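K.L.:
sequence and computational prediction follow.
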Amino acid sequence: MVTMGKVLDLKDSMQILHKYKIPIPKSEMTRNAEQAIKTAKKLGYPVAIKLVSPDITHKTDIGGIRLNLADEKELKVAYENMIKSVRKKLPKAKINGVLVQKMVPDGQEVIIGCKKDEQFGNVLMFGLGGIFTEVFNDVSFKVIPINKSDAEAMVREIKGYTILQGYRGKKYDADSLIKILLKVSHLVEKNHKIKEMDINPVILLNKGAVAVDSRIVLE
């Protein structure tokens, strides 16, 4: 099914998250490989690069994301190959630039999203990222706005809750996750034109949580 509405590019979507104090990685928009190299030097390696285009919503499918680039040489090759790949697959797509993003440490991936339902209005969704969402459909829902008790319930309701509690010596910052769920609820409540939003993934760390990618569709 094709999503009807205005799809914000990655840069604009991330700026909205930042405005509502949802933690995002340090990043900067670039127009060519030379700018990307200068930006990466300023941010510090390793970095990720992500295509910014209003015509491309699923960047991974067309090779529009490259992660864990460790130095200038890797960045230059990845940047040039990414642009070539996208141009070959989608020659008519508008490319606004490439976002260079400081890599976030490894953690547990979760997904937060919302969708406007004809009957219930805006509905918030939460689940574990990766295979847990795609294969097991391990998600929970609440109607926006939510309070802290609602956010805590969303986290507890998923099958993978035990993973978020920590395992094999790993511990995650549940309080930061609750805060992000509340901030997303507030963001959507204050912006009535939002039709859909996916923040995928949010990286949950031992201390803190960071939203590293976002997609927002306006009515």
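P.N.:
Everything's here; your move.

K.L.:
what about the spatially closest residue to Asp106 that is not a sequence neighbour, distance to Lys193?
P.N.:
Nearest non-adjacent residue to Asp106, counting by CB to CB, 6 or more residues apart in numbering: Ile203, 7.9 Å away. C-beta here means a position set from N, CA and C on the backbone, and glycine is covered the same way. When distance is defined by CB to CB, to the nearest Å, Ile203 is 28 Å away from Lys193.

K.L.:
who's more crowded, those two?
P.N.:
Ile203 (22 against 11; other CB atoms under 10 Å).

K.L.:
state the distance from the more buried one to Asp138.
P.N.:
Counting by CB to CB, the gap from Ile203 to Asp138 is 18 Å.

K.L.:
with Ile158 instead?
P.N.:
5 Å.

K.L.:
same question for Lys6.
P.N.:
Between Lys6 and Asp138 the computed distance is 30 Å (CB to CB).

K.L.:
quick one, helices of the chain?
P.N.:
If DSSP state H is used as the criterion, the helices of the chain fall at 10-19, 33-43, 72-89, 131-134, 148-157, 161-164, 174-190.

K.L.:
would you list those helices in JSON lines and tack on mean neighbour count and distance to Ile95?
P.N.:
As requested, those are exported to JSON lines (neighbours: other CB atoms under 10 Å; distance: least, CB to CB, whole Å):
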{"stretch": "helix 10-19", "mean neighbour count": "18", "distance to Ile95": "12"}
{"stretch": "helix 33-43", "mean neighbour count": "18", "distance to Ile95": "13"}
{"stretch": "helix 72-89", "mean neighbour count": "16", "distance to Ile95": "7"}
{"stretch": "helix 131-134", "mean neighbour count": "16", "distance to Ile95": "27"}
{"stretch": "helix 148-157", "mean neighbour count": "16", "distance to Ile95": "36"}
{"stretch": "helix 161-164", "mean neighbour count": "15", "distance to Ile95": "37"}
{"stretch": "helix 174-190", "mean neighbour count": "19", "distance to Ile95": "27"}
